[in-house]
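Chemist: Predicted model and sequence follow; I will ask about them next.
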Amino acid sequence: MYKNVAVFVGSLRRDSWNRKLAKALIVLAPESLKLEIVEIGNLPFYNQDLEENPPKEVNEFRQRVKSADAVLFVTPEYNRSVPAVLKNAIDMGSRPYGQNTWNGKPGAVISCTTGALGAFGANHHLRQSLVFVNVPTMGQPEAYIGNAASLFDDKGNLINDSTRDYLKKFLQAFEQWIERFVVK
């Protein structure tokens, strides 16, 4: 039996490196993990007034998070932090108070950028929010994917063998991390 992993991409750009990376992860995942991207661009900005009568998009999003066995975040870095759309999704899933859909779901973070640092700042800033919403986040191996523009071909396929091998090892470690938390 496989584990359902909800994947959240922090970039909405049509030709996003992070979306390409998320799609590569789906292909590279071991058979025991079923990775699926959960779209976050259609969510309204978090507003406590929405809690009484949330829009359909919010209810559907929260249900997708609830039904996942684990969560995986693929994020770029904007101004040394997490993109607003990703932080908004975390907020939407954690409210209303007492109904945190993230609670206890094992998670992992991969950050990706065209720069050399691999979005290090965003990776660690995201982890701070995940601590509060009680997502036990895999510490090792860390994944900072830099120089993304050189890793994919013009069709979005991952073409760098060392990155492919690293991502496979990352996913194997994540598979073991999930097993520590998911009740069989």
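Modeler: Done, it's in. Source: prediction; values computed, not measured.
Chemist: Strands along this protein, start to end?
Modeler: Along the chain, counting by DSSP state E, strands occupy 3-9, 33-37, 70-75, 107-112, 144-145.
Chemist: closest one to residue 50 among the ones you listed?
Modeler: Shortest distance between residue 50 and these, using Cβ to Cβ, is found for strand 3-9: 19.4 Å. Any C-beta I mention is one placed from the backbone N, CA and C, and that applies to glycine too.
Chemist: Go through the closest one and flag the buried ones.
Modeler: Using 16 or more other Cβ atoms under 10 Å as the test for burial, strand 3-9 gives 3, 5-9.
Chemist: got the contact list for the residue minimising distance to the centre of the chain?
Modeler: Closest residue to the average C-alpha location of the chain: residue 73 at 1.4 Å, with Cα atoms, centre = their mean. Contact partners of residue 73, counting by Cβ atoms under 8 Å, 6 or more residues apart in numbering, are 7-8, 10, 86, 107-110, 126, 130.
Chemist: are any of these buried, and which?
Modeler: Neighbour-count burial (16+ other Cβ under 10 Å) is assigned, among the contacts of residue 73, to 7-8, 10, 86, 107-110, 126, 130.
Chemist: Save those residues as a markdown table, and put in pLDDT and distance to residue 154 too.
Modeler: Below are the buried ones among the contacts of residue 73 laid out as a markdown table (pLDDT from 0 to 100; distance: Cβ to Cβ, whole Å):
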| residue | pLDDT | distance to residue 154 |
| --- | --- | --- |
| 7 | 98 | 23 |
| 8 | 98 | 26 |
| 10 | 96 | 23 |
| 86 | 97 | 27 |
| 107 | 98 | 32 |
| 108 | 98 | 28 |
| 109 | 98 | 28 |
| 110 | 97 | 22 |
| 126 | 96 | 29 |
| 130 | 98 | 34 |
